[in-house]
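**Student:** structure for this input, please:
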Amino acid sequence: MRRSDREVVDKDEIADFIGTQQIIRVGFADGGEVYIVPVNYGFDISDGNFVFYFHGAKAGRKYELAKKSPDVGFEIDGGYQLMPSETACGYSAHFKSVIGSGRLDLIEDNNEKIHALGRIMAQVSGRADWEFSGQMLSETAVFRLEVRSLTCKAK
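**Tutor:** Below is the predicted model:
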């Protein structure tokens, strides 16, 4: 990170920020193109490492790329507040962002799917006591993104 004075290294502070946001953008390499998809997410911290979960259909570009090119980049941002100035180059903004890379896996085990979907629903709804039918589990692709590297920056 070029501006080390803006780097956030405290994992609790990073987790608190991630816990307040709703969208993670996942970037895939796709034959010379970059495909970025915004998705709702949930997360855990396992052995000091972040693990993100999101879901989708068992078809389509995201699903196929997850199987074909599971090494991905991701980004979460929030807290944006414009800081106006009298000059164009004086404008700036307050923000916080997390950027990183990791590897995607499709979760097949129903107990793991229930856990992951519960984490997603807790993130978006604030409730963790959801039930998921067998049909929902069989029809839904659930993705686990194990983070390899992550940086957080704030201004």
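**Student:** OK, contacts around the most centrally placed residue in the chain?
**Tutor:** What sits nearest the mean C-alpha location of the chain, by CA atoms, centre = their mean, is residue 24, with 3.6 Å. Taking CB atoms under 8 Å, 6 or more residues apart in numbering, we find residue 24 in contact with 38-41, 52, 54, 74-76. The C-beta positions use only the backbone N, C-alpha and C, and glycine is treated the same way.
**Student:** got a ChimeraX select line for the buried ones in the residues you listed?
**Tutor:** The ChimeraX selection below is limited to those of those classed as buried (16 or more other CB atoms under 10 Å):
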select :39,40,41,52,54,74,76
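**Student:** report the two of the contacts of residue 24 separated the most.
**Tutor:** 40 and 75 (14.4 Å; CB to CB).
**Student:** sorry, back to before: ok, so of the contacts of residue 24, who is nearest residue 85?
**Tutor:** Nearest to residue 85, judged by CB to CB, of the contacts of residue 24 is residue 75 at 26.1 Å.
**Student:** in three-state terms, label that closest one for me.
**Tutor:** strand (DSSP: H, G, I helix; E, B strand; the rest coil).
**Student:** surely it meets residue 21?
**Tutor:** No: contact between residue 75 and residue 21 fails when scored by CB atoms under 8 Å: they sit 10.6 Å apart.
**Student:** buried set for the longest helix anywhere in the chain?
**Tutor:** Identified as the longest helix of the chain according to DSSP state H is helix 110-125. For helix 110-125, the buried set under the neighbour-count rule, 16+ other CB under 10 Å, comprises 113-123.
**Student:** now stretch 21-30
**Tutor:** Quick answer for stretch 21-30 (16+ other CB under 10 Å): 21, 24, 26-28.
**Student:** got it, and stretch 31-49?
**Tutor:** 37, 39-43.
**Student:** and the residues you listed as CSV, adding distance to residue 68 and pLDDT?
**Tutor:** Formatted as CSV, those follow (distance: CB to CB, whole Å; pLDDT from 0 to 100):
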residue, distance to residue 68, pLDDT
37, 14, 97
39, 18, 98
40, 23, 97
41, 21, 98
42, 24, 97
43, 24, 97
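**Student:** so which of those is the closest to residue 8?
**Tutor:** Set against residue 8, the nearest of those by CB to CB is residue 43 (16.2 Å).
**Student:** thanks a lot, see you next time.
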